[in-house]
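Q: Coordinates for the following, if possible.
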Amino acid sequence: MLGWVRQGFQRAYERMLRREIGDGPTHVAIIQDGNRRYAREHGEDAPDGHRAGAQTTERVLEWCEQLGIEELTLYAFSTENFDRPDHEREPLFDLFESKLYEFAKAERVHESEVAIRAIGEVDMLPERVQEAIDFAESETAHYDNFTLNIALAYGGRAELLGAARDVCRAVESGALSPDEVDVDAVESRLSRQHVRDVDLIIRTGGDERTSNFLPWHANGNEAAVYFCAPYWPEFSRIDFLRGIRTYESREKSWQRTRTERAVALVRAVAEVELADAKTVAGRLRQQLSSSGAAEVTEELAKRSEESAD
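A: Below is the predicted model of the structure:
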């Protein structure tokens, strides 16, 4: 009886969360933490926890499709994970290999036109995993409806250092002038695959840190971060929807702040020169939401009336 009541409550709560969510993020990145702890608490070995986590990954892909999310990046294996003992690493490599082949052949992957890509220093991985990566990427390279990035042998600091060294080499060789070193020049050298800016990072397992994950794409975009207690194998649709709600709450707050700053800037410029204020307002409106742009227009109209008086 209690189980039935609990399930009914969860279904109702999930419907409520879904109603609260609007357009949602475009790119979600997830740190899948807690597989080993989940296994220990269930009296199993670490590989069993990772296999249970792989099932959660498949469910999350379905949730992303249902919510209209266009890109998902999963932190599967960091450069620090190479320090783990062989008896933990090798089953993980086996799992990566089998899942990459499985995903690349899955009907739903092709029906949904999912592009599978690996990011990170993949040349550090065993050859069999590299071959599986090549197969998955080649089989789905022509798709652009949804992108699944799998971070393997990934480290954010190493990624930034590598890009910086590439830029330095390009400048030294004359292929790039110092004046041409800009955001695009760095970003194009960050990864073996293009990754769009991250809107939301989710970390499971209870730890509240982002662990060197996508620092350029997340921090530069001021991504929202959602930490939750469930281990990755236990991560539920409700947990996912809560994460999306966190993103939307932060986005609304950020849009409000940007609008207030824009209105204040237009007000300050108009006190000196109305023509300049009109130019500034035109540029700002392109960067704001429709409601924010309307507030800027209203402020400019107010200043124009005061100037006419």
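Q: can you pull the buried residues of stretch 189-205?
A: 189-191, 195, 197-205 (16 or more other Cβ atoms under 10 Å). Using the backbone N, CA and C atoms, a C-beta is placed for each residue, glycine as well.
Q: Turn these into a markdown table, including distance to Glu97, secondary structure and pLDDT.
A: Output for those, formatted as a markdown table (distance: Cβ to Cβ, whole Å; DSSP: H, G, I helix; E, B strand; the rest coil; pLDDT from 0 to 100):
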| residue | distance to Glu97 | secondary structure | pLDDT |
| --- | --- | --- | --- |
| Arg189 | 28 | coil | 87 |
| Leu190 | 26 | coil | 85 |
| Ser191 | 21 | coil | 78 |
| Val195 | 23 | coil | 89 |
| Asp197 | 30 | coil | 90 |
| Val198 | 27 | coil | 93 |
| Asp199 | 30 | coil | 93 |
| Leu200 | 29 | strand | 94 |
| Ile201 | 27 | strand | 96 |
| Ile202 | 25 | strand | 97 |
| Arg203 | 25 | strand | 97 |
| Thr204 | 24 | coil | 97 |
| Gly205 | 24 | coil | 95 |
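Q: Which of those sits closest to Trp63?
A: Ile202 (11.4 Å; Cβ to Cβ).
Q: Quick one: residues contacting that closest one.
A: Counting by Cβ atoms under 8 Å, 6 or more residues apart in numbering, Ile202 touches 28-31, 225-228, 240, 243.
Q: Please identify which of the residues you listed is nearest to Ala151.
A: Using Cβ to Cβ, the contacts of Ile202 come closest to Ala151 at Ala29, 8.3 Å.
Q: which SS class is that closest one?
A: State at Ala29, reduced to three classes by DSSP: H, G, I helix; E, B strand; the rest coil: strand.
Q: show me what contacts it?
A: Counting by Cβ under 8 Å, 6+ apart, Ala29 makes contact with 72-75, 198, 200-202, 213-214, 217-218, 223.
Q: give me that answer again for 6 Å
A: 73, 198, 201, 214 (Cβ atoms under 6 Å, 6 or more residues apart in numbering).
Q: Which residue ranges of the stretch 101-250 of the chain form helices?
A: For the stretch 101-250 of the chain, the helices defined by DSSP state H, counting those that start in this stretch occupy 107-111, 127-140, 156-173, 183-187, 215-219, 237-270.
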